[in-house]
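Chemist: Sequence and predicted structure, then a few things I'm wondering about:
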Amino acid sequence: MEIAFHGAAQTVTGSKHLITLKSGKKILLDCGLFQGMGEDTEAMNEHFGFSPAELTYLVLSHAHIDHCGLIPRLVAQGFKGPIFCTAPTMDLARILLMDSAKIQEQDAEYSNKHRMRKGLPLIKPLYTDDDAIEAMRQFKIVDYNTDFEIDADISLLFTDAGHIVGSAAVHLAIKENGKITRITFSGDVGGYEDMLLKSPQPFPQADYILLESTYGDSLHAELESTEEQLLEIIRHTCIQKNGKLIIPAFSVGRTQEILYAINALELKGVLPYIRYYVDSPLSAKATQVLKDHELEFNADVKKVLKLDDDVFHFKGLKFIQTTEESKALNDDPRPCVIISASGMAEAGRVKHHIKNTIGNSKNTILMVGYCEPRSLGGRLIAGNKVVSIFAEDYNVNADIRSIKSMSAHGDYADLLRFVSCQDPAKVKILFLVHGEYEVQQRFKQRLLEKGFPVVHIPARHQMKELE
Ligand SMILES: [Zn+2]
């Protein structure tokens, strides 16, 4: 058999790896969208590098768009086989793909306005919401820790990767010429001390490993308690200054961590009684998906669940749905906390909330996740005194704060711990995927030192024979 790396090869987006058996069967691992690759992004998403109609199976590690975001296009272009994933991944993929389809359609519409003016041919969206709905029909749930026979030659095992709810490391045992080859694909690997999720789990010995390497050369700093910092910032902003606290947060993961931390403050009886809003329909849906899969949480959360059956809900919290309700928050002078997407404040409703509060020193904007330096969140963290929002300049008078929170990706110590269940001498090749090339080169050295005999960093579309 052979493997080809069609995405997340020397970069962190577009995860897509294709295994082709001698029998002609083809198994695709992930079908992610490329994001933020500059001018090349469009072309990279338009051409897979293989024919979707020829695929037999798709196995999906988790629901982040850089891992599942091209599935509707894959199906629209002729892929008819099953898509295997865990139950939470299927539920999250449904809402994230519908959201992504909407964005694809809006982007195409926007670009067509310009193209029309210039007399250029119009473009079609990468896919539509109908494509996303159609693709969901092919999803098949496979439980964690259960050997699942895909067919007589291929068996699949998912183990928890601790990255987002539903995330799995994928283990395939493939029979070819009477011999079994075991391939592990890590997907994205979480840290070992996540606020909500279980730790990444050990897995059976593999012959070949595809390991993510996003933070292959860094160690995350020790974190202060999110709860205590949040309480201090809420008190300072909303009680002492009577202001508004705006928290940009990713819809899946970070939003629920913030809600969980605020809920913990309520359980301790110290939460100020003011108004709390989650202003993002996607965040509301994602929160519901997490609630539906509470068995996936770690032991700490399960302990809290015994006292409180909804760990993401507390007195004063309201989920905002319509744009009218969202706009009405601007005119309400009362102190409140608004949690809204996107996490880097580059898009979404949070941008409007920042625009409306940034000029007044009684308000606070609190960043709780990584922000790309050029994003609005990144510029605020950098301490810019004037920022451009919707092409207009605004003075930054509000307090800008940040809480360094747990990354959804493990650092190199976590990644090494993840593969420590393996006898490195038995791993024929360890492939590093989902990382920047310089980072991967440094991480490769650490893995060689741990005894992995061959560590390979594949380039995009590179093919490798597996014995
Ligand atoms: Zn991910």
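Modeler: Perfect, I can see it now.
Chemist: Next, the buried residues of stretch 110-122.
Modeler: Of the residues in stretch 110-122, those with enough neighbours to count as buried (16 or more other C-beta atoms under 10 Å) are Asn112. To be clear about C-beta, it is placed using only N, CA and C from the backbone, and glycine gets the same treatment.
Chemist: I'd like to know which elements the longest helix that the chain contains is packed against.
Modeler: Counting residues, the longest helix found in the chain (DSSP state H) is helix 87-118. When contacts are defined as 3 or more C-beta pairs under 8 Å, 6 or more residues apart in numbering; DSSP states H and E, helix 87-118 sits against helix 65-68, helix 71-76, helix 129-136, strand 139-141, helix 281-292.
Chemist: for the second one, packing partners?
Modeler: For helix 71-76, the contact count by 3+ C-beta pairs under 8 Å, 6+ apart identifies helix 87-118, helix 129-136 as packing neighbours.
Chemist: Isn't Ala261 up against Leu223?
Modeler: No: using C-beta atoms under 8 Å, Ala261 is not in contact with Leu223; the gap is 11.8 Å.
Chemist: Looking at the two, which is more packed in?
Modeler: Ala261 (20 against 14; other C-beta atoms under 10 Å).
Chemist: quick one on the thing from earlier: any shared contact partners between Ala261 and Leu223?
Modeler: Common neighbours of Ala261 and Leu223, counting by C-beta atoms under 8 Å, 6 or more residues apart in numbering, are absent.
Chemist: For the stretch 51-200 of the chain, list the residues in contact with the ion, please.
Modeler: 64, 188 (C-beta under 5 Å from the ion).
Chemist: Pop the domain breakdown of this structure in here.
Modeler: 2-218+408-465, 225-406 (automatic domain parsing).
Chemist: Save those as TSV, and put in mean pLDDT too.
Modeler: As requested, the domains of the chain are exported to TSV (pLDDT from 0 to 100):
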stretch	mean pLDDT
domain 2-218+408-465	96
domain 225-406	95
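Chemist: Name the residue of the stretch 1-150 of the chain that lies nearest to the ion.
Modeler: Going by C-beta to the ion, the ion is nearest to His64 of the stretch 1-150 of the chain, at 3.5 Å.
Chemist: from what I can see that residue touches Gly190, true?
Modeler: No: using C-beta under 8 Å, His64 is not in contact with Gly190; the gap is 11.9 Å.
Chemist: residue of the stretch 351-467 of the chain with the smallest distance to the ion?
Modeler: Taking C-beta to the ion, the stretch 351-467 of the chain has Ala408 as its residue nearest the ion, at 6.4 Å.
Chemist: Let me know whether that residue touches Gly253 as I believe.
Modeler: Yes: Ala408 lies in contact with Gly253 (C-beta under 8 Å); the separation is 5.7 Å.
Chemist: Now for these two: what residues contact both?
Modeler: Residues touching both Ala408 and Gly253 (C-beta under 8 Å, 6+ apart): Ile164.
Chemist: Since that was my last question, I'll sign off now.
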